[in-house]
Structures are given as C-alpha cells and as structure tokens.
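Novice: Got a sequence here, can you model it:
(one chain, ligands or ions: 1)
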Amino acid sequence: KVVAVIMVGGPTKGTRFRPLSFNTPKPLFPLAGQPMVHHPISACKRIPNLAQIFLIGFYEEKEFTLYVSSISNELKIPVRYLKEDKPHGSAGGLYYFRNIIMEDNPSHIFLLNCDVCCSFPLTDMLEAHKRYSGMGTVLVIKVSAESANQFGELVADPITKELLHYTEKPETFVSDLINCGVYVFTPDIFTAIQEVSTHREDQANLRHLSSFETLQSPTRALPQDFVRLDQDILSPFAGKKQLYTYETMDFWEQIKTPGMSLKCSGLYLAQFRYTSPDLLAGGDGTKSASILGDVYVHPSAKVHPTAKIGPNVSISANVRIGAGVRLIGCIILDDVEVQENAVVINSIVGWKSSIGKWSRVQADGDYNAKLGITILGEAVIVEDEVVVISSIVLPNKTLNVSVQDEIIL
Ligand code: GDD
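Specialist: Numbering: from 1, shown residues only. Down below sits the predicted model:
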C-alpha cells in the first residue's frame, strides 16, 4: 500500500498571494476551475494501491471540511485534513502525524508541496524509486541558471541518479538542476527526521551550558520539533546513497504569486485536453459563445452567446458574462458580473466583483512582474467605460476613473 501527503502550509505563508488569500486559503484558490490542491490530489488518485491522501497544514479545520468530504466522495479515496497546532516545517509536519500516516502500514509515502504545478509523474517516480532502493527519491527539473537560486539546487550522479549534493536557495550558483517539491519515501524517513530532531535537542542542551553562545545568538536555534525537509534532511543525507533523483521533462512551475497562478491555470487547462477533456468548454455544444483554445466554464455560469472567450480563461460558479464581452487569459471568480462589451485581458477578477459596460481590465501578462497582471480583490466595482491597466485593487473599492500601474488600497 501507498499513501500520499500534501503539505498545504498555513495562513502566514500566503502573504505573497494577497489580496486573493484574504478570502480563500491559497491551496483552495481555483486554477483551471479546480482548487489548487485538487490537481496533485487527482494525480495521486492514479497511483496504484493508494490507500489514503492526507493534507497537512495549519489552517483552521473548518476551511477544509467541505472540500475534503466532497473530494473523498468524488474520488472514492479517503482524503483527510490534519491540522498542526503550529508550523513544524515541511518534514516536522510529516513527522508530527507519523502514527496516523502509518495506520495502513504503507510501504511508500509520497510527499507533495501543494504550491507546485506539474504533471506529477508519480507512478514513474515510484518505479524509479524501487529500482534505486534508497530512502527517498526527489522529483527534479532543469531550469534556467538565472532562476535556479529561487529553489533548492542540487547535483546528481548522471549514471546512478544519486543525490550527491544539495543546497537550499544558494547565493552563489551551484546547479541548474532543482528540487520540484515532490518526493517519495520509504517509512525510514521518520527515523531520519527523528535523528535530526534529537541532534538538535542535544545541541540545544549544550548551548544551555555555554552562556557565551546563548548571549551571542539567543534566537538562532530552531525549536526541536521544527524540521525542514530541504535544509535539514536533503542536505545532510545527500551523498550517502540514501537519496536519489527522478528528472521530469514535462512542465513544472512554482505558484507563489497571483501572476504565477494565472500562468499555471493555463498549464492545467492545457493538460485537461489529455486528462479530463470533459471539463473544457466548447465540446458539449451547450455553450454557444465562441470559445478559443482552452477554457473552463462552471456549469452554473451564464455566458452570452455573443461573448468571445479564450484562450486560458477559467470562469467560476454563478458568473454572468454579458453580450459582446471579450475575455483573454483570465480567472473570473464566483459571482462576478461582466457587463456588455467589457474586455478583460491578463487579469484575475475577485469574487462578487462587477465590471461595467464598455470597460477594460487588462495588463501585459508578464507573470513574473509585480504589476504584470491586473488583480481585482473581492467585491470591486469597475464602473461603465473605466479602464484599469496593470493594477492591483484591494477588496470593496469602486473605480469610477481609469487607472494604470497603481495599487489601490
Ligand atoms: N503543514 C506544513 N507545515 N506545511 C508547511 C510548513 C509547515 O510548517 N512549512 C512549509 N510548508 C509547506 C508549504 O505550504 C509548501 O507547500 C511546502 O511546504 C514547501 O514550503 P517552504 O518550506 O516554504 O519552501 P519553498 O516553497 O520556498 O521551497 C521548497 O519548494 C521548492 C519547490 O517549489 C523547497 O523545497 C525548494 O527546494 C523547492 O525548490
């Protein structure tokens, strides 16, 4: 048997995701019309002999109750949310719930960051992992040398694929091969985390004895039960024939900002062509609006037949799209109204917002730039004939004049 654990983090981790994280925990923000965490969960569903999926985080339980019960019913696999009383780090969180995770006595444990977007080649990873017969296998990818320092950089043996060296977000370049945040482990991972934690306790005790060091660095020591998978496990266990790598040649992105969520929404829509073509608009003949490229429209949304939509558009529940509207590259969240002849390009439109007639909400679509997409928070009103370019608008604002390159607080 195999189990999967998805690390969802908690509210303090979502600050770069503002203002969209005001309403929804980041893991539940919709990409391609499905909560972010839904994509790794559907990938887990394809693993043979999967017994359970656990989401571990420090968000309030009630935020996940509805989602986990509906997804458990839909996939017919138990999905449980396990809440930490405080952050324990990416490995500490796993260790904290070791007894529950080991209930089914699994031979392998998948561990996935929830904020990565990829094709999750989990079954192939598991097969490679069994061949390597180490404690863990890390999904890795080659990225550009300039972007590598935002991630864990690593060196792997070209023949055996052993992880030889690992550095988390190094200041000087080590390698363009990086950690994708997707792992498979044997239960030995718990012993490894235990060792790190015990070692830390010993050091803390030593430090107590040496008042000099306590004066020098009173806050340097991390709590004994706070263990990071990257710095505290991958770095020290590299080069010990315990960790191996599996390189993906498919797409991979990290989702830390709203701009990247819009990009990843497009990547997941494109993947639906192979995994769930029924979710893409246009095929069923019931939506008569003209659809270009990959588009998701929630069944409860009302789209006028003269609207033109796509590519990379995702329209959530109870949205109303008026006559002559043009939408390109956007996420339109629940209960939004876009009125006649409005245009929305490279933007995210927050829950219950309304865009007036002949208005434009747009940006140039540079997903990595601060104002590369326009974001309207919840319940923003853009009045008729107003133009909003490359701006972020906080919730509950009314715009009656046009703005460009502004953050409206
Ligand atoms: N439950 C729980 N508790 N989850 C946590 C905690 C915690 O205390 N801390 C982090 N996480 C979750 C985050 O929500 C995220 O899904 C994952 O663990 C990793 O988050 P970080 O530890 O903040 O690392 P990162 O995202 O900056 O970088 C990691 O992932 C990159 C790939 O996206 C590193 O492992 C990098 O090496 C890697 O390249």
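
Novice: need the contact list for the residue in the stretch 151-300 of the chain that the ligand sits nearest to.
Specialist: The nearest approach of the stretch 151-300 of the chain to the ligand comes at Gly152, 2.5 Å away (C-beta to the nearest ligand atom). C-beta: built from backbone N, CA, C; applies to glycine. By C-beta atoms under 8 Å, 6 or more residues apart in numbering, the contact set of Gly152 is Tyr166, Thr167, Glu168, Lys169, Ile178, Asn179, Asp230, Leu234.

Novice: now do Asn49
Specialist: Lys1, Val2.

Novice: Next, give phi and psi for it.
Specialist: Torsion angles at Asn49 (phi, psi; degrees, to the nearest 10) stand at phi 60, psi 30.

Novice: could you measure it against the ligand, distance?
Specialist: Counting by C-beta to the nearest ligand atom, to the nearest Å, the gap from Asn49 to the ligand is 25 Å.

Novice: Does Leu111 touch Met7 like I think?
Specialist: Yes. Using C-beta atoms under 8 Å as the test, Leu111 is close enough to Met7 to be in contact (6.9 Å).

Novice: quick one: which of those two has more around it?
Specialist: Neighbours were tallied for Leu111 and for Met7 using other C-beta atoms under 10 Å; the higher tally belongs to Leu111 (25 against 22).

Novice: Give the bridge partners for the more buried one, please.
Specialist: Val5, Tyr183 (DSSP bridges).

Novice: returning to that earlier point: so which of the contacts of Gly152 reach the ligand?
Specialist: With C-beta under 6 Å from any ligand atom as the criterion, those include Glu168, Ile178, Asn179, Asp230 near the ligand.

Novice: Among the residues you listed, name the ones in strands.
Specialist: Cross-referencing the ones next to the ligand among the contacts of Gly152 against strands under DSSP state E gives Glu168, Ile178, Asn179.

Novice: Quickly list what the second one is bridged to.
Specialist: Each beta-bridge partner of Ile178 is listed here, defined by DSSP bridges: Ile141, Glu153.

Novice: Close to the ligand: what parts of the chain are there?
Specialist: 7-9, 13, 56-58, 84, 87-90, 93, 113-116, 151-152, 168, 178-181, 230, 254.

Novice: Tell me who's in contact with the residue in the stretch 301-409 of the chain that the ligand sits nearest to.
Specialist: Closest to the ligand within the stretch 301-409 of the chain is Asn368: 15.0 Å, counting by C-beta to the nearest ligand atom. Going by C-beta under 8 Å, 6+ apart, Asn368 touches Thr257, Gly259, Met260.

Novice: before we move on, the earlier item: filter the contacts of Gly152 down to the buried ones, ChimeraX style.
Specialist: Under the burial definition 16 or more other C-beta atoms under 10 Å, those of these that qualify are selected in ChimeraX by:
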select :166,167,168,178,179,230,234
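
Novice: For the contacts of Gly152, give me a markdown table that also has pLDDT.
Specialist: Converted to a markdown table, these look like this (pLDDT from 0 to 100):
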| residue | pLDDT |
| --- | --- |
| Tyr166 | 98 |
| Thr167 | 97 |
| Glu168 | 96 |
| Lys169 | 96 |
| Ile178 | 98 |
| Asn179 | 98 |
| Asp230 | 95 |
| Leu234 | 97 |
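
Novice: And the contacts of Gly152, which is closest to Tyr246?
Specialist: Asn179 (11.5 Å; C-beta to C-beta).

Novice: And the residue lying closest to that closest one once chain neighbours are set aside, how close does it get to Glu385?
Specialist: Spatial nearest neighbour of Asn179, excluding adjacent residues (C-beta to C-beta, 6 or more residues apart in numbering): Gly152 at 3.6 Å. Gly152 is 49 Å from Glu385, where distance means C-beta to C-beta, to the nearest Å.

Novice: show me the residues around the residue in the stretch 1-150 of the chain positioned nearest to the ligand that make contact.
Specialist: Residue nearest to the ligand within the stretch 1-150 of the chain: Gly9 (2.4 Å; C-beta to the nearest ligand atom). Shown in contact with Gly9 (C-beta under 8 Å, 6+ apart): Lys26, Pro27, Gly57, Phe58, Pro87, Cys114, Asp115.

Novice: so of those, which ones are in strands?
Specialist: Within the contacts of Gly9, residues falling in strands by DSSP E are Gly57.

Novice: What lies in contact with stretch 137-146?
Specialist: With C-beta under 8 Å, 6+ apart as the criterion, stretch 137-146 contacts 118, 121, 125, 128-129, 151, 154, 156, 163, 173, 176-184, 234, 243-248, 252.

Novice: What is the nearest of the ones next to the ligand among the contacts of Gly152 to Gly282?
Specialist: Of those, the one sitting nearest to Gly282 (C-beta to C-beta) turns out to be Ile178, at 35.8 Å.
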